[in-house]
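In: Everything below, folded, please.
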Amino acid sequence: MNTRLLLKMLFFILMLLLLLLMGMHNRNTVDFTLPPVVSSRIRQPAALMYFAFFAIGVFTGMIMTAPGKKNGGAKPKGDK
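Out: From the prediction side, this is the model:
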């Protein structure tokens, strides 16, 4: 198994553990406001907010690290 992949997986599992611990110990509801995007106040349990922010972060990380399109075997017109 690739060592780098194993370390990434371990880091991801540790982040999930941190998310679980935050959810277990923060059961109160919190207010979330973001006037430019959402005009009303969102009131949800803290654990749900943590999960939503974590999911957005994971999704953003996946997009940022996704490989781009590779140009198969196309050669420029001038090459022989």
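In: where along the protein do the helices fall?
Out: 3-25, 46-65 (DSSP state H).
In: Neighbouring strands of the longest strand anywhere in the chain in the sheet, and parallel or not?
Out: Counting residues, the longest strand found in the chain (DSSP state E) is strand 38-45. Counting by DSSP bridges, the strands paired with strand 38-45 are strand 29-34 (antiparallel).
In: what separates the strand it pairs with from the chain centre, distance-wise?
Out: 20 Å (C-alpha atoms, centre = their mean, to the nearest Å).
In: go on, stretch 15-29?
Out: 16 Å.
In: List of residues touching it?
Out: For stretch 15-29, contacts defined as C-beta atoms under 8 Å, 6 or more residues apart in numbering pick out 43-47, 50-51, 54. Any C-beta I mention is one placed from the backbone N, CA and C, and that applies to glycine too.
In: Export stretch 24-43 to PDB, keeping only CA atoms.
Out: Extracted in PDB, the C-alpha atoms of stretch 24-43 (Å, rounded to 0.1, in the frame of the first residue of the first chain):
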ATOM      1  CA  MET A  24     -21.100  14.800  21.100                       C
ATOM      2  CA  HIS A  25     -20.100  17.700  23.300                       C
ATOM      3  CA  ASN A  26     -21.800  20.600  21.500                       C
ATOM      4  CA  ARG A  27     -25.500  19.800  21.500                       C
ATOM      5  CA  ASN A  28     -26.800  23.400  21.900                       C
ATOM      6  CA  THR A  29     -28.300  25.200  19.000                       C
ATOM      7  CA  VAL A  30     -26.400  28.000  17.400                       C
ATOM      8  CA  ASP A  31     -27.300  30.900  15.100                       C
ATOM      9  CA  PHE A  32     -25.600  31.200  11.700                       C
ATOM     10  CA  THR A  33     -25.800  34.400   9.700                       C
ATOM     11  CA  LEU A  34     -24.100  35.200   6.400                       C
ATOM     12  CA  PRO A  35     -25.900  38.300   5.000                       C
ATOM     13  CA  PRO A  36     -24.500  38.300   1.500                       C
ATOM     14  CA  VAL A  37     -25.500  34.800   0.800                       C
ATOM     15  CA  VAL A  38     -28.400  33.900   3.200                       C
ATOM     16  CA  SER A  39     -30.700  36.700   4.300                       C
ATOM     17  CA  SER A  40     -32.300  34.900   7.200                       C
ATOM     18  CA  ARG A  41     -30.800  33.500  10.400                       C
ATOM     19  CA  ILE A  42     -30.200  29.800  10.400                       C
ATOM     20  CA  ARG A  43     -30.700  28.100  13.800                       C
END
